[in-house]
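Asker: Give the three-dimensional model of this entry:
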Amino acid sequence: MVRTIAFAILATGIASLPAIAADQYWVARDAVSKQCEIVPKKPDGTLVVDLGKKKYDSEAEARKAMEALPDCKKK
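Answerer: Numbering: from 1, shown residues only. Model (predicted):
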C-alpha cells in the first residue's frame, strides 16, 4: 500500500516536470531568417541566437522585451 502511494506521487511529480520547465522563456533570433521569436528553452547559439541574455518568467514579459530590442524592430 505504501509503495503504491509512493509510486503514484513519484509518477505525478515526474509527469509535471515539463510543465514546470516551460515557465521560462527567452528572446531569440533565428540565424538564417533573422526573425525574432520567443522560445521555451535556452537557445543553443548556432541555429537560434539568444538576444536578451535573460530568461523571462512569462511569455508576456518576453514579448515586451522582444519589442524593445533594436534587433527585433520591424524594418
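
Asker: ok, which stretches of the protein are strands?
Answerer: 25-30, 36-39, 48-56 (DSSP state E).

Asker: contacts for the last one?
Answerer: It stands for strand 48-56. By Cβ atoms under 8 Å, 6 or more residues apart in numbering, the residues outside strand 48-56 that reach it are 24-31, 36-37, 39, 42-43, 62, 65-66, 69, 71-72. Backbone N, C-alpha and C define where each C-beta goes, glycine included.

Asker: if we can go back for a sec, deepest in the core, which of the strands of the chain is it.
Answerer: Across the strands of the chain, averaging neighbours per residue (mean count of other Cβ atoms under 10 Å) puts strand 25-30 on top, at a mean of 22.

Asker: Which elements pack onto that strand?
Answerer: If contacts are counted by 3 or more Cβ pairs under 8 Å, 6 or more residues apart in numbering; DSSP states H and E, strand 25-30 sits against strand 36-39, strand 48-56, helix 59-68.

Asker: As TSV, the strands of the chain with mean pLDDT and distance to Thr4 would be great.
Answerer: Converted to TSV, these look like this (pLDDT from 0 to 100; distance: least, Cβ to Cβ, whole Å):
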stretch	mean pLDDT	distance to Thr4
strand 25-30	88	37
strand 36-39	89	39
strand 48-56	79	38
